[in-house]
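1. Fold the stuff below for me.
(2 chains)
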Amino acid sequence: MAAWTAVAQILLAAGVLVALYRPLGDYLAHVYTSARDLRVERGLYRVLGVDSRSEQSWRSYVRSVLAFSLVGVLLVYALQRMQAWLPWDLGLPGVGPHLAFNTAVSFVTNTNWQSYSPEVTLGYAVQALGLAVQNFVSAAVGMAVAIALVRGFARRRTGTIGNFWVDLTRGTLRVLLPISVLAAVVLIAGGVIQNWAGFTDVSTLAGGTQAIPGGPVASQEAIKLLGTNGGGFFNANSAHPFENPSGWTSLFQVLLMLAIPFSLPRTFGRMVGSHRQGYAILGAMVTIFLASLVLLTVVESRGMGTAPELAGGAMEGKEQRFGIAATTLFGSVSTLTSTGAVNGMHDSFTALGGLFPMLNMMLGEIAPGGVGSGLYGMLVLAVLAVFVGGLMVGRTPEYLGKKIGPREIKLASLYILVTPTLVLAGTALSFAIPGVRSDVESTSIWNPGVHGFSEVLYAFTSAANNNGSAFAGLTANTPWFNTALGVAMLLGRFVPIVLVLALAGSLAAQDKVPATAGTLPTSRPLFVGLLTGVTVIVTALTYFPVLALGPLAEGL
Amino acid sequence: MSSPRTTWSHLGVALRAMLVLTVILGVGYPLLVTGLGRLMPARADGSLVTDTAGTVVGSALIGQSFTDADGAPLPRYFQSRPSAAGDGYDAAASSGSNLGPENPDLIAAVEERRAAVADLEGVEPAAVPADAVTASGSGLDPQISPAYAELQVPRVAAERGLSEDEVRDLVAATTGPDLGFLGQAGVDVLELNLALDRLAG
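-> Reported below is the predicted structural model:
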């Protein structure tokens, strides 16, 4: 593999993202701040019985988010259980209760963890009516929460942070839907299928038979990536040739994952009235992103490990049309956002290569993170970074003119404790409860030794951070994993959202204090370094011991 | 704090919102994309390919096994990569092996495949490229590396009574990397074997 191709693909992606940054970021700001409703939106608000002019307190906003998500879980659960009575079921039976719970939670929380193999589990009706709809609205919820937090910084002395139903509707209809239609057409042009034909049996050239699958794949694929969801129409996800047929479709999918998360700092900068603040957040995101991507690509290209060295390269689980550099780019992007799609199997990465997707998720998916969740995660870390900076110089910390007091710090601290608690507790319990342990070891774990431990650690890291990728050898369709990972996904999504909205409410209620000579400037390289450092140190301290038991033990 | 009444009203709005959005996003959107896909029917329907008789024999994007009923390679055909999809290239069961780099099963499989390929092609084991001894992520990889194709040229040419250069001309129709740097070069095995059959008439 020539190193220049690995660099060239990154430069092309960077060029497109740079070109999108202002127009897309400004468009998003316009969408969420415009006073005008579209005609179709007015009709929708009438059906909902919502006054688009009325604003919500943070508590009311939380209730709307939770009510909407609860309805989503119930609907997707019901659709799966009733699959046999739906059209286009492909003759598949209803889904069992544990798996239906896990899958419903998974898609509502923007995780798209898949304990099941889609080809043999879900017909087109559940995929389109249930899963694809959640792919849109879970992404719109993430953006809404991020925008609500930004409003908290931008506003002063107010009790409200926006209207959830308006934010949800606009994000869906003005952003996600139009881009998805365009992206789906591009994907079809690249060879992604879009039909309702079921399986077509053909006689192969060698005289065997093959069942060629059909399905509305392109429509689902577009929002799977744009909404940083990641749930594949097929078991092999974006490694499947019908989901991702060529080198250029793979880069296109990478761009879909990154477009909104990397443009949101612009939206943030515009809404708080300082583009330089947006660039600072972007700077920290880009620093972590590039470091992780380069390290993974170098490690995987070196192909260390017994099997890769014997084979002459780490090509197990990778597609010929992508090769190593396009697979590590996709894997990095997928886990640095909250997508979790894969175009190669992470379980078969080299030992140290497999460390990076895990580490990316453990960083909290903030570089650039999921649609919305990446920005609010990074802003919480910015609050912490300002606090740490304040401790160093002995001043009351401020960020964007808002005093960072005890309440703000408590909320931010709780936020960064939630996912590590879920990851570490879930992994530990899998091995600590005797009955569970024997089931995990005999049924679920696929690879022997420390790699098997890594499969479990990866699963809880992915679920709690709402990523959805896996060391996919793990058989997760068991009562323990379906339930425990389902709970991790729910708490990993909604506890942080409640804390972020509480933070938004607390900030919005404050007045702004003018910057003084003692204020830490948060739009300079120094702050980018501080923010990057706080992010990396918090993650490293939290997860180093458990990583030493898994990928580090295997790779060193 | 919330009274039961406001909680119910939140749920009512949520239910109406979910239903309306399901109609727009779950019905309207996929149907709209399906309609637009009709502008490119060959692609939307799976890039199906036909043999000389005009019968559909598969998809240009989905790999196949070129083995007999017992799994032994058919020497007149270029061979695909190993596959973990079902019993091999089962398009209804896409999957990678998910075997880790230190898994003894994978190490043994790589050894075995390398010996088998070296034996079939009559080359040293060290000459066998990585893609020939590893299963892809999907188990449906339609391609092999140009190096693995080149390795198979002498055998296929001998089996078919063609010169190596005649076969090599067909192999030269590689695809990728797109734009010269996106992904990497590969040879579509089904299309290559179809072209060989067409040559035989």
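
2. Relative to residue A:219, how far out is residue A:182?
-> 12 Å (CB to CB, to the nearest Å). Every C-beta, even on glycine, is put in place using the N, C-alpha and C of the backbone.

3. Of these two, which one has the most company?
-> Shown here are residue A:182 and residue A:219; by other CB atoms under 10 Å in any protein chain shown, residue A:219 has more neighbours (33 against 12).

4. who's in contact with the more buried one?
-> A:128, A:132, A:180, A:184, A:194, B:29-30, B:33-34 (CB atoms under 8 Å, 6 or more residues apart in numbering or on different chains).

5. what stretches of chain B score poorly on pLDDT?
-> Filtered on pLDDT under 70, chain B yields the residue ranges B:1-5, B:201.

6. what sits against whichever residue of it sits closest to chain A?
-> Per CB to the nearest CB, residue B:183 is where chain B lies closest to chain A, at 2.4 Å. Contacts for residue B:183 (CB under 8 Å, 6+ apart) come out as A:246-248, A:250, A:321-323, A:326, B:176-177.

7. Residue A:296 too?
-> Here residue A:296 is in contact with A:328, A:331-332, A:353, A:356-357 (CB under 8 Å, 6+ apart).

8. cool, and residue B:103?
-> A:307, A:447-448, A:451.

9. Go again with 6 Å.
-> residue A:447 (CB atoms under 6 Å, 6 or more residues apart in numbering or on different chains).

10. Ok, residue A:204 next?
-> Going by CB under 6 Å, 6+ apart, the list of residues near residue A:204 reads A:210, B:58, B:64.

11. pLDDT score assigned to it?
-> In this model, residue A:204 is scored at 95, pLDDT.

12. now do the one 3 residues further on
-> pLDDT for residue A:207: 91.

13. for it, helix, strand, or coil?
-> coil (DSSP: H, G, I helix; E, B strand; the rest coil).

14. The stretch 1-150 of chain A: helices as residue ranges?
-> In the stretch 1-150 of chain A, the helices defined using DSSP state H, counting those that start in this stretch lie at A:3-33, A:39-48, A:58-81, A:97-108, A:124-125, A:133-154.

15. Those residues of the stretch 451-556 of chain A touching chain B, which are they?
-> Within the stretch 451-556 of chain A, the positions adjacent to chain B are A:451, A:472-473 by CB under 6 Å from any CB of the partner chain.

16. Recalculate using a threshold of 8 Å.
-> Proximity of the stretch 451-556 of chain A to chain B, by CB under 8 Å from any CB of the partner chain, involves residues A:451, A:471-473, A:554.

17. Just confirm residue A:508 contacts residue A:161, I think it does.
-> Yes: using CB atoms under 8 Å, residue A:508 is in contact with residue A:161, at 5.4 Å.

18. separation between residue A:208 and residue B:90?
-> Residue A:208 is 10 Å from residue B:90, by CB to CB.

19. can you give me the helices for the stretch 401-550 of chain A?
-> A:406-432, A:434-439, A:450-464, A:479-509, A:525-549.

20. which residue does the stretch 201-350 of chain A bring closest to chain B?
-> Taking CB to the nearest CB, the stretch 201-350 of chain A has residue A:247 as its residue nearest chain B, at 2.4 Å.

21. List the contacts of that residue.
-> A:321-322, A:326, B:176-179, B:182-184.

22. And it, how close does it get to residue A:330?
-> Taken as CB to CB, the span from residue A:247 to residue A:330 is 11 Å.

23. Ok, residue A:272 next?
-> 33 Å.

24. thinking again about what came up before, now list the buried members of the residues of the stretch 451-556 of chain A next to chain B.
-> Listed as buried from those are A:451, A:471-473, A:554; burial here means 16 or more other CB atoms under 10 Å in any protein chain shown.

25. Those: which two are farthest apart?
-> Across these, the two members that end up farthest from each other (CB to CB) are A:472 and A:554, 17.0 Å apart.

26. in chain A, which segments are predicted with low confidence?
-> A:1-2.

27. Correct me if wrong, but residue A:210 is in a strand.
-> Yes: membership of residue A:210 in a strand is supported by three-state DSSP.

28. ok, it - how many residues close by?
-> Neighbours of residue A:210 using other CB under 10 Å come to 24.

29. before we move on, what about residue A:113?
-> There are 29 residues near residue A:113, going by other CB under 10 Å.

30. Please report phi then psi for it.
-> phi -60, psi 140 (degrees, to the nearest 10).

31. Between the two ends of stretch A:298-318, how far is it?
-> 16 Å (CA to CA, to the nearest Å).

32. Return the set of buried residues in that stretch.
-> A:299-303, A:305-318.

33. Buried ones only from the contacts of residue A:247, please, as a PyMOL command.
-> Buried members of the contacts of residue A:247, defined by 16+ other CB under 10 Å, are picked up in PyMOL with:
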select buried, (chain A and resi 321+322+326) or (chain B and resi 176+177+178+182+183+184)
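
34. who's in contact with the residue of the stretch 351-500 of chain A at minimum distance from chain B?
-> Closest to chain B within the stretch 351-500 of chain A is residue A:473: 3.3 Å, counting by CB to the nearest CB. Residue A:473 makes contact with A:347, A:445-447, A:455, B:98-100, according to CB under 8 Å, 6+ apart.

35. Quick check: bridge partners of residue B:73?
-> Residue B:73 has these beta-bridge partners by DSSP bridges: residue B:67.

36. how about the strands in chain B?
-> For chain B, the strands defined by DSSP state E cover B:48-50, B:56-59, B:143-144, B:187-188.

37. Mind putting those strands into JSON lines with distance to residue A:242 and mean neighbour count?
-> Formatted as JSON lines, the strands of chain B follow (distance: least, CB to CB, whole Å; neighbours: other CB atoms under 10 Å in any protein chain shown):
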{"stretch": "strand B:48-50", "distance to residue A:242": "12", "mean neighbour count": "16"}
{"stretch": "strand B:56-59", "distance to residue A:242": "8", "mean neighbour count": "22"}
{"stretch": "strand B:143-144", "distance to residue A:242": "14", "mean neighbour count": "30"}
{"stretch": "strand B:187-188", "distance to residue A:242": "15", "mean neighbour count": "24"}
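
38. which secondary structure element contains the residue nearest to residue A:278 when sequence neighbours are not counted?
-> Counting by CB to CB, 6 or more residues apart in numbering or on different chains, residue A:278 lies nearest to residue A:269, which is 2.4 Å off, once chain neighbours are set aside. Per DSSP states H and E: residue A:269 is located in helix A:247-272.

39. Tell me the buried residues in the helix or strand following that helix?
-> Downstream of helix A:247-272, the first helix or strand assigned by DSSP H and E is helix A:275-302. By 16+ other CB under 10 Å, the buried positions in helix A:275-302 come out as A:275, A:277-289, A:292-293, A:295-297, A:299-302.

40. Determine the angle, from 0 to 180 degrees, between helix A:275-302 and helix A:247-272.
-> 150 degrees (axes from the mean of the first three to the mean of the last three CA atoms, to 10 degrees).

41. Which residues are in contact with residue A:57?
-> A:159-161, A:505.

42. next one: residue A:70
-> Counted by CB under 8 Å, 6+ apart, residue A:70 has contacts B:11, B:14.

43. switch the cut-off to 10 Å
-> By CB atoms under 10 Å, 6 or more residues apart in numbering or on different chains, the contact set of residue A:70 is A:108, A:494, B:10-11, B:14-15, B:18.
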